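Trainee: Next comes the sequence, and after it the predicted model I'd like to discuss.
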Amino acid sequence: MATVNSYTGFMPTPDRTSLSRIVDAACELLETEGLAGLTMQAVASRVGVRPPSLYKRVESRDDLIRLVAESTLTALGHRLDPATTLVQVANAFRAFGHERPVAFQLIMTPGSGVPVARTEFGAAASEPTLRLARALAGDEHALDAARTLTAWATGFIAMELNGNFRLGGDVDEAWSFGVDRLVAAISLAA
């Protein structure tokens, strides 16, 4: 989309980037440089514009982080949506955490003061888990069941990503054990 030059009122200037390109570049930077490396300067460099140009699309770094969190939740929701069982949801959730560990931690354990996604993005990403939890635990316990599974999986994945399983044993077997036991318990709730 072109904008009108404020000096002449007539001369169009081409847009050099789009919001989706900026968010995609920020998502890539988040994984390679971490949250501290996700700067307006770094994103501008990645998309080939000067930093002031980003402010035409993104108000601030906090706004950019929020947009990255929302994009991550959207991607996670798409990943979980085809699942037909809570075991599949949990396994897809774990795979996503391994593929995008920094983004995963941004949306699941953002830390104090870190901008977060708007509520509707979290709700949309949660829908596949809620749908399947409802099928197993009933309407009355669906939200509790979905929260329990998500909280356990988030903790497990965070420990795994941070190298905190140091007592030996097979971590994949521990994951399967935990998921199977949680799903069995959830199915008893109905």
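Mentor: Now that the structure is in, tell me what you want to look at.
Trainee: Thought residue 128 was touching residue 89, still the case?
Mentor: Yes: assessed by CB atoms under 8 Å, residue 89 is found in contact with residue 128 at 6.0 Å. C-beta here means a position set from N, CA and C on the backbone, and glycine is covered the same way.
Trainee: Which of the three states applies to residue 88?
Mentor: Using DSSP: H, G, I helix; E, B strand; the rest coil, the secondary structure recorded for residue 88 is helix.
Trainee: Next, the contact list for it, please.
Mentor: Shown in contact with residue 88 (CB atoms under 8 Å, 6 or more residues apart in numbering): residue 82.
Trainee: and the gap between it and residue 76?
Mentor: Going from residue 88 to residue 76 by CB to CB, to the nearest Å gives 14 Å.
Trainee: if you skip the residues just before and after it, what's nearest to the residue most central in space within the chain?
Mentor: Taking CA atoms, centre = their mean, the centroid of the chain lies closest to residue 72, which sits 3.1 Å from it. Counting by CB to CB, 6 or more residues apart in numbering, residue 72 lies nearest to residue 103, which is 4.3 Å off, once chain neighbours are set aside.
Trainee: where exactly do the strands run in the chain?
Mentor: Secondary structure of the chain (DSSP state E): strands located at 3-4, 12-13.
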